[in-house]
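A.B. asks: for reference, the sequence and a predicted model appear below.
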Amino acid sequence: MAYKCDEVMQVKSYYALIKAMNKVMLEKGWENRFFIDGHIENFDAYKQKMQDVNLDNLCNEAGMTKEAVVQLTNEYNLENNAAFVCMEEEISANTMQEILNLSILSGKLGKTASGLIALKEKNNSQGVIDMGIKPILGVVLVLLMMSLLVEWRKHGVLMVLICKRNVSVIR
């Protein structure tokens, strides 16, 4: 899978990484105020709560350098179309909430060709079986994810793949 990606980063905690990205968005003033002001209530309370969060601790928990987190955040924020793709069993509800927060901060929530694609093993497995493919399902899901990512990237979508303790970026 890594050979199709532009960059693969080892991650200890998805939750810490995404929360660190949210912290960077707020610290750098990169949040999309136009989107937030038009769609979000109580944003200032969220921003105040995030001020108490220590970015260095989050980066350590994520197993990434602060510079790498800032670079990934900047790239995600500046990309017009960006989507997270993950296997649902690999991330927690709290991580999903932080991805939603990141989508809100960047103004990508509800935008065409942006957002979160949560692959569910059971549903995708049935679709693969219906197509006549019956090898080991874990491998098939990864291949299915990669083909989806490569196809979307042809249309100018930055893809961030969360799978097997890696965060992979396809530009």
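C.D. replies: All right, it came through fine. Treat the numbers as computed from the prediction; the structure is a model and nothing was measured.
A.B. asks: check contacts around Cys59.
C.D. replies: 16, 20, 65-66, 69 (C-beta atoms under 8 Å, 6 or more residues apart in numbering). For every residue, glycine as well, the C-beta is placed using N, CA and C.
A.B. asks: are any of the residues you listed buried, and which?
C.D. replies: 16, 20, 69 (16 or more other C-beta atoms under 10 Å).
A.B. asks: what is the nearest of the residues you listed to Glu61?
C.D. replies: Nearest to Glu61 out of the buried ones among the contacts of Cys59 is Ala16 (C-beta to C-beta; 3.6 Å).
A.B. asks: before we move on, back to that, could you list which of the buried ones among the contacts of Cys59 belong to helices?
C.D. replies: With DSSP state H as the criterion, helices contain 16, 20, 69 from among the buried ones among the contacts of Cys59.
A.B. asks: pipe these into TSV and attach distance to Ser103 per row.
C.D. replies: TSV is the format used below for these (distance: C-beta to C-beta, whole Å):
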residue	distance to Ser103
Ala16	18
Ala20	16
Val69	17
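A.B. asks: among these, which one sits closest to Asn54?
C.D. replies: Once C-beta to C-beta is applied, the member of those that ends up nearest Asn54 is Ala20, at 9.7 Å.
A.B. asks: rewinding a little: okay if I get the contacts of Cys59 as TSV plus distance to Met87?
C.D. replies: Rendered in TSV, the data for the contacts of Cys59 read as follows (distance: C-beta to C-beta, whole Å):
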residue	distance to Met87
Ala16	19
Ala20	21
Thr65	26
Lys66	27
Val69	22
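A.B. asks: ok, residues contacting stretch 62-82?
C.D. replies: 9-14, 16-17, 20-21, 24-25, 28, 30, 55-56, 58-59, 102, 106, 108, 111-114, 155-160, 167, 169, 171.
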